[in-house]
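Novice: 3D, please:
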Amino acid sequence: MSRVWLITGVSSGLGLKMALEALSVGEIVLGTVRDRKKAAGAVERIETLGGQVAELNMTWGQDKIRTEMQKAETMHGRIEVLVNNAGCAVVGPVEAFGEVQARKQMDTNLFGPLFTLQAVLPRMRARRACLIINISSEAGQVVEPCGGFYSASKSALESITEALALEVTEFHMSTLIVQSGAFKTNLLAPGAMERGGEFPRDYVEALEGRTLGEFEEAHGMQPGDPGKAAERVVEAVRGDGVGGRVKGVQRLLLGSDCFRSIGRKLEKLGADREACREVAEGTNL
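Specialist: Presented below is the predicted three-dimensional model:
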């Protein structure tokens, strides 16, 4: 029996590829975009294959998101796979971040996904055997200059996902964090990343030109293929293909760059742990 997927942020990139891949293997897909008119090309591709696309803005707030998610659920009477993919990147040094920009980053990447999963959880819990996938990034574990708030939003989403996994296991539900590296999407396109505020003078030379310039220069040079990433995610859900061989993991790592950077992070954590052994073990009663 085909599963019903709800995938947020299907206007482009990984979200669009996941929607198309799931439809191609016979799954039922409802995607969401912020604006159907602006995403007309993606909407047409999805609907041509039998999918549906609704409007959903991750910054709308809990009540409106809950209402829209409940409407979406009535289309097929159930949602069995929720994929929180919609997101944005707001960049800049921590010192310069304004409240509005900080809240936008957290609303889009953290609170929006939180509200969508809260909206569907009661009926998922009743159905059993449902799955919530939260799309994170290697940035959720590996922080770069000017990427602190983006990383914070992703690492917080990962923590919530880990807690949720422990809370719903007795209902035969599961969660999956997709930890992705750099894929050829529009995330790094010129103008796609919003700045968190004006750079203080001292940071202009050290960070603004170098760090943000590196972000924009990387656009189009990302090593990852979003089509292959989408295939692995769909396979992991269906339990077939290459992705289906990975069973029981909390995180699905996508991209050789992500695989390497997570490895370096683990090595650093291990080194810090060993360096602190005497201090840590000497503080017990």
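Novice: what's the local residue count around the residue nearest to N84 when sequence neighbours are not counted?
Specialist: Counting by Cβ to Cβ, 6 or more residues apart in numbering, N84 lies nearest to P113, which is 3.7 Å off, once chain neighbours are set aside. C-beta: built from backbone N, CA, C; applies to glycine. The burial count assigned to P113 is 27, neighbours taken as other Cβ atoms under 10 Å.
Novice: now P113: which helix or strand?
Specialist: Counting by DSSP states H and E, the element that carries P113 is helix 112-127.
Novice: equivalent analysis for G26, please.
Specialist: Following DSSP H and E, there is no helix or strand that holds G26.
Novice: tell me who's in contact with the residue nearest to N84.
Specialist: By Cβ atoms under 8 Å, 6 or more residues apart in numbering, the contact set of P113 is 8, 58, 84, 86, 134, 157.
Novice: list the buried residues of whatever helix or strand comes next after the helix holding P113.
Specialist: Once the chain leaves helix 112-127, the next helix or strand it forms, by DSSP H and E, is strand 131-135. Judged by neighbour count using 16 or more other Cβ atoms under 10 Å, the buried positions of strand 131-135 are 131-135.
Novice: now those as a markdown table including pLDDT and distance to E21?
Specialist: As requested, the buried residues of strand 131-135 are exported to a markdown table (pLDDT from 0 to 100; distance: Cβ to Cβ, whole Å):
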| residue | pLDDT | distance to E21 |
| --- | --- | --- |
| L131 | 97 | 16 |
| I132 | 98 | 18 |
| I133 | 99 | 13 |
| N134 | 99 | 18 |
| I135 | 98 | 14 |
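Novice: about what we covered before: among the contacts of P113, which one lies nearest to P200?
Specialist: Nearest to P200 among the contacts of P113, counting by Cβ to Cβ, is L157 at 28.7 Å.
Novice: quick check, that closest one in a helix?
Specialist: Yes. Membership of L157 in a helix is supported by DSSP: H, G, I helix; E, B strand; the rest coil.
Novice: tally of neighbours for it?
Specialist: 25.
Novice: show me the contacts for it.
Specialist: Per Cβ under 8 Å, 6+ apart, neighbours of L157: 84, 109-110, 113-114, 134, 136, 140.
Novice: got a winner among the residues you listed for most neighbours?
Specialist: For those, neighbours tallied by other Cβ under 10 Å; top is N109, 29 neighbours.
Novice: in the host helix or strand of S153, what's buried?
Specialist: Element membership of S153, judged by DSSP H and E, is helix 148-168. For helix 148-168, burial by neighbour count (16+ other Cβ under 10 Å) applies to 148-158, 160-161, 164-165, 168.
Novice: and that helix with strand 131-135, angle?
Specialist: Interaxial angle, helix 148-168 versus strand 131-135 (axes from the mean of the first three to the mean of the last three Cα atoms, to 10 degrees): 170 degrees.
Novice: check which element follows helix 148-168 along the chain.
Specialist: Assigned by DSSP H and E, the successor of helix 148-168 is strand 174-180.
Novice: continuing past that next one, what's the next helix or strand?
Specialist: According to DSSP H and E, the helix or strand after strand 174-180 is strand 194-195.
Novice: show me what that next one is packed against.
Specialist: strand 90-91, helix 99-106 (3 or more Cβ pairs under 8 Å, 6 or more residues apart in numbering; DSSP states H and E).
Novice: for V10, give me its contacts.
Specialist: 16, 18-19, 31-33, 39, 42, 46, 53, 85.
Novice: show me the two of these that sit farthest apart.
Specialist: Across these, the longest distance by Cβ to Cβ is 14.8 Å; it joins M18 and A39.
Novice: neighbour-wise, which of those two wins?
Specialist: Under the criterion of other Cβ under 10 Å, the comparison of M18 against A39 puts M18 first, with 30 against 22.
Novice: any idea how far the more buried one lies from G51?
Specialist: 11 Å (Cβ to Cβ, to the nearest Å).
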